[in-house]
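1. Mind folding the following:
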Amino acid sequence: MTPFKFGKPTQLNKTDFVARFADIYEHSPWVAESVFEQGLAEQDNHIESLHEKMASVLLAAPYEQQLALINAHPDLAGKAAIDGALTAASTSEQAGAGIDQCSKEEFAQFTTYNDSYKSRFTFPFIMAVKGANRYQILESFEMRLGNDSETEFATAINEINKIALFRLRDM
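-> Reported below is the predicted structural model:
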């Protein structure tokens, strides 16, 4: 079990807890709020335990709330990335995958895949890109475009929980 570098989450009041963990799930502080309201235990001072609680909140959320969280995510190599309008975590994650180094042709391919994916599934492509490179991401786009909506929705939720664990570890 890995403790947080900043100290113990159990020692934070609700306002401070939500402020610290609000963007672990992209623009969705309701996850942190719900975890705090459920109550924190000593084991939640460890990344893995707190992540498990947060992931459970997301998995138990109504479909509409899950969909809103999926839609809160930016397109990979999309307009927000090009315009510098991503959250700090998203910017770092995309840069770590080399997306910021795409050629014009690669950006065009990302745009085509993003548009095709959103047209097919009505939500953005979600992938935990830490440890991946832009070529692997493009391959995942190609492969996942063939999935059905239910599979992609479940995949998006699982990928969001992976992203959350990466973000907690980066704290």
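
2. Which of the residues in the helix or strand where Asp115 lies are classified as buried?
-> In this structure, Asp115 sits in helix 104-121 according to DSSP states H and E. Across helix 104-121, burial judged by 16 or more other C-beta atoms under 10 Å covers 106-107, 109-110, 113-114, 117, 120-121. (Each C-beta comes from the backbone N, C-alpha and C, glycine too.)

3. could those go into a markdown table alongside pLDDT?
-> Below are the buried residues of helix 104-121 laid out as a markdown table (pLDDT from 0 to 100):
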| residue | pLDDT |
| --- | --- |
| Glu106 | 87 |
| Phe107 | 85 |
| Gln109 | 93 |
| Phe110 | 91 |
| Tyr113 | 96 |
| Asn114 | 94 |
| Tyr117 | 97 |
| Arg120 | 97 |
| Phe121 | 98 |
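
4. Now these in CSV, please, with extra columns for distance to Asn45.
-> Shown next, in CSV, are those (distance: C-beta to C-beta, whole Å):
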residue, distance to Asn45
Glu106, 42
Phe107, 42
Gln109, 43
Phe110, 39
Tyr113, 40
Asn114, 38
Tyr117, 38
Arg120, 42
Phe121, 37
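
5. returning to what we had before: residues touching the helix holding Asp115, excluding its own?
-> The contact list for helix 104-121, computed with C-beta atoms under 8 Å, 6 or more residues apart in numbering, reads 75-78, 82, 99, 102, 124-125, 134, 138, 141-142, 144-145, 149, 152-153.

6. just how off-centre is that helix within its chain?
-> The chain centroid and the centroid of helix 104-121 are separated by 19 Å under C-alpha atoms, centre = their mean, to the nearest Å.

7. Kindly export the helix or strand that comes right after that helix (C-alpha atoms) in CSV.
-> The helix or strand immediately downstream of helix 104-121 is helix 134-144, counting by DSSP H and E. Taking C-alpha atoms only, helix 134-144 is exported to CSV below (Å, rounded to 0.1, in the frame of the first residue of the first chain):
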residue,chain,number,x,y,z
ARG,A,134,0.8,8.1,-30.1
TYR,A,135,1.1,5.1,-32.5
GLN,A,136,-0.4,2.8,-29.9
ILE,A,137,-3.2,5.2,-29.3
LEU,A,138,-4.0,5.4,-33.0
GLU,A,139,-4.0,1.6,-33.1
SER,A,140,-6.4,1.5,-30.2
PHE,A,141,-8.7,4.0,-32.0
GLU,A,142,-8.8,1.7,-35.1
MET,A,143,-9.5,-1.4,-33.0
ARG,A,144,-12.1,0.1,-30.7
